[in-house]
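K.L.:
how would this look folded up:
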Amino acid sequence: MGIYIDRINEQDAKELFAFECKNRRFFEQTIQSRGDDYYNFGSFEIRHRELLKEQDDAMSSFYLIKEDSGRIVGRINLVDIDSIKSTAHVGYRIGEAFTKKGIANKALQLLIKLAPGK
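P.N.:
As a prediction, the model looks like this:
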């Protein structure tokens, strides 16, 4: 499966919300729940705008992992970006239907190429 990563933007909110809702049960098997409020679109939209602000402030970079058709299959992020030390923390989530296909590895390789300071 071919994939690419695409920096999140305001227009991604609805599709990303659907992805998160579809995979909620799967994600919550391995990580702490984001809480019921996260799965209310109004609250999700507010949080999405907060992420965009954080991204604009160069504190983080958030990307959607998409298959060639443009469908979201996961997320990958750089957070706590320290431009002086050229460091950041990486986090990712892959949708249940797309696990064990090497997608996270491919996405990380793409992210490294785009990382600030590269």
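
K.L.:
state the mean pLDDT of stretch 52-59.
P.N.:
The average pLDDT for stretch 52-59 rounds to 90.

K.L.:
could you shift the numbering so residue one becomes 839, and keep it that way?
P.N.:
Got it, first residue is 839 now, which makes that one stretch 890-897.

K.L.:
so which bits of it are buried?
P.N.:
890, 893 (16 or more other C-beta atoms under 10 Å). Every C-beta, even on glycine, is put in place using the N, C-alpha and C of the backbone.

K.L.:
farthest residue from the center of this protein?
P.N.:
I922 (23.9 Å; C-alpha atoms, centre = their mean).

K.L.:
give me phi/psi at that one?
P.N.:
phi -70, psi -50 (degrees, to the nearest 10).

K.L.:
ok, the helix or strand hosting Y901: who's next to it in the sheet?
P.N.:
Per DSSP states H and E, Y901 falls inside strand 899-905. The strands beside strand 899-905 in its sheet (DSSP bridges) come out as strand 841-845 (antiparallel), strand 910-920 (antiparallel).

K.L.:
which stretch among the ones you listed is buried most, on average?
P.N.:
strand 910-920 (a mean of 18; mean count of other C-beta atoms under 10 Å).

K.L.:
name the next helix or strand downstream of that strand, please.
P.N.:
Downstream of strand 910-920 (by DSSP H and E), the next one is strand 925-932.

K.L.:
strand partners of that following strand, parallel vs antiparallel please.
P.N.:
Strand 925-932 pairs in its sheet with strand 910-920 (antiparallel), by DSSP bridges.

K.L.:
any weak-confidence spans in the chain?
P.N.:
Applying pLDDT under 70 to the chain picks out residues 953-956.
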